[in-house]
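Asker: A predicted structure for the sequence below; I have some questions about it.
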Amino acid sequence: MSKKPVRVAVTGAAGQIGYALLFRIASGEMLGKDQPVILQLLEIPDEKAQKALKGVMMELEDCAFPLLAGMEAHSDPMTAFKDTDYALLVGSRPRGPGMERAELLAVNGAIFIAQGKALNAVASRNVKVLVVGNPANTNAWIAMKSAPDLPRKNFTAMLRLDHNRALSQIAAKTGKPVSSIEKLCVWGNHSPTMYADYRFATIEGQSVKEMINDETWNREVFLPTVGKRGAAIIEARGLSSAASAANAAIDHMRDWALGSNGRWVTMGIPSDGWYDIPKDTMFGFPVVCEGGEYKVVEGLPMDDFSRERIAITLKELLDEQAAVKHLV
Ligand SMILES: NC(=O)C1=CN([C@@H]2O[C@H](COP(=O)(O)OP(=O)(O)OC[C@H]3O[C@@H](n4cnc5c(N)ncnc54)[C@H](O)[C@@H]3O)[C@@H](O)[C@H]2O)C=CC1
Ligand SMILES: O=C([O-])CC(=O)C(=O)O
């Protein structure tokens with residue numbers, strides 16, 4: 001018997017990430033090749049944006065995706081999020097050259113208050129929310145705080161792009177396939193302060209740290225390359241990453257919904273006090289997903305350098321939260 005369709009809301013649906021994301025959701029890459037979806041697409045109430053959204057929907061229609069069970073255009077989150085099972089909050093302003101993501105808080109923060117409230121009012125009580133719009137961790141925190149009737153754990157921020165970037169750098173350094181790397185993680189904020197950590201990573205059972213055996217490379221090449229990759233892409237493309245961001249959003253939601261098969265992945269999630277990160281801080285942690293839930297990998301040992309890096313990224317997040325506390 002075929003499965004009942006699930007509702008997937010995507011905001012910023014006519015933007016660059018939206019264009020790289022929607023076709024993959026509709027083809028079953030996110031929720032499985034047997035799971036029909038209804039797309040509930042939100043764009044700003046602006047003639048040009050709504051017209052562009054109609055164009056994207058025409059293209060979706062022209063793909064004749066067997067799993068696309070329905071599609072709606074919205075300009076109000078209160079209708080876009082009605083009964084939604086999954087919400088991908090992409091819509092917001094991207095940064096340009098020379099900006100940091102935190103500078104977007106002033107323009108983007110308010111979006112996530114309105115959208116958090118709308119999710120609180122009309123979404124499925126089990127909705128799984130992924131915030132992509134920057135600064136992603138703090139926007140996810142704002143949305144979570146604006147939705148007091150939904151479980152906190154349903155709100156997540158995207159650090160999967162950082163995780164994937166770290167995987168590719170390790171694969172290039174070791175000459176081993178990306179798929180062979182396990183137990184990598186990225187701690188903290190989706191910003192240059194993030195701490196990509198391969199101390200526990202293995203390839204075919206062998207320690208990646210021992211294989212690389214180069215702490216100078218870790219500190220002077222690996223960490224800055226992963227941490228500043230977004231800016232490097234803006235510098236090269238003139239626009240921020242889109243296809244790789246959409247790909248990471250698919251990976252994040254797929255693993256959360258369908259499981260990570262025992263593999264560690266990185267998700268930005270509200271802390272429950274793990275690793276001394278204050279409760280509710282939206283922080284990148286290593287997790288394993290199973291049965292529609294994520295579970296933090298606990299008990300990992302910390303050395304002085306890791307403690308220092310985690311303190312830096314935590315302070316940045318707490319400062320971002322403090323800057324918007326009056327709004328939530
Ligand atoms: N967390 C991550 O790893 C990444 C996050 N991003 C962030 O994703 C966001 C979107 O990036 P792009 O798609 O490249 O930008 P874009 O400018 O191409 O598209 C954004 C779309 O969102 C729409 N929008 C703005 N406010 C909205 C609202 N309140 N409700 C619904 N739609 C709204 C705009 O009309 C536009 O069509 C940016 O904030 C960007 O910085 C980008 C890459 C990676
Ligand atoms: O750098 C940006 O502004 C877009 C982004 O978050 C990324 O590519 O990681």
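Answerer: Arrived safely. Ligands and ions are numbered 1, 2, ... in the order given.
Asker: which residues of this protein fall in helices?
Answerer: Remark: helices assigned in the chain by DSSP state H are 16-26, 47-62, 77-80, 105-122, 136-145, 160-174, 208-212, 215-217, 223-227, 229-237, 243-258, 304-324.
Asker: other SSEs contacting the first one?
Answerer: Based on contacts counted as 3 or more Cβ pairs under 8 Å, 6 or more residues apart in numbering; DSSP states H and E, the elements that helix 16-26 packs against are strand 6-11, strand 37-42, helix 47-62, helix 243-258. The C-beta positions use only the backbone N, C-alpha and C, and glycine is treated the same way.
Asker: for the closest residue to ligand 1 within the stretch 1-150 of the chain, give me its contacts.
Answerer: Going by Cβ to the nearest ligand atom, ligand 1 is nearest to residue 15 of the stretch 1-150 of the chain, at 2.0 Å. Residues near residue 15 by Cβ atoms under 8 Å, 6 or more residues apart in numbering: 90-91.
Asker: one more: residue 31?
Answerer: 6, 8, 25, 37, 86, 253-254, 257-258.
Asker: emit the ChimeraX select command for whichever of the residues you listed are buried.
Answerer: The following ChimeraX line selects those of the contacts of residue 31 that are buried, judged by 16 or more other Cβ atoms under 10 Å:
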select :6,8,25,37,86,253,254,257,258
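Asker: can you get me a residue count around residue 225?
Answerer: Residue 225 has 17 neighbouring residues, counting by other Cβ atoms under 10 Å.
Asker: I'd say it and residue 169 touch.
Answerer: Yes. Proximity of residue 225 to residue 169 meets the contact threshold set by Cβ atoms under 8 Å, at 5.8 Å.
Asker: nearest residue to residue 239 other than its sequence neighbours?
Answerer: Distance criterion Cβ to Cβ, 6 or more residues apart in numbering; nearest residue to residue 239, sequence neighbours excluded, is residue 16 at 6.5 Å.
Asker: contact partners for the one you found?
Answerer: 94, 239-240, 242.
Asker: show only the entries of these found in strands.
Answerer: Among the contacts of residue 16, no residue falls in strands (DSSP state E).
Asker: just the buried residues of those residues.
Answerer: 94, 240, 242.
Asker: re earlier: okay, the helices and strands packed on helix 16-26 in CSV with distance to ligand 1 next?
Answerer: Shown next, in CSV, are these (distance: least, Cβ to the nearest ligand atom, whole Å):
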stretch, distance to ligand 1
strand 6-11, 4
strand 37-42, 5
helix 47-62, 4
helix 243-258, 3
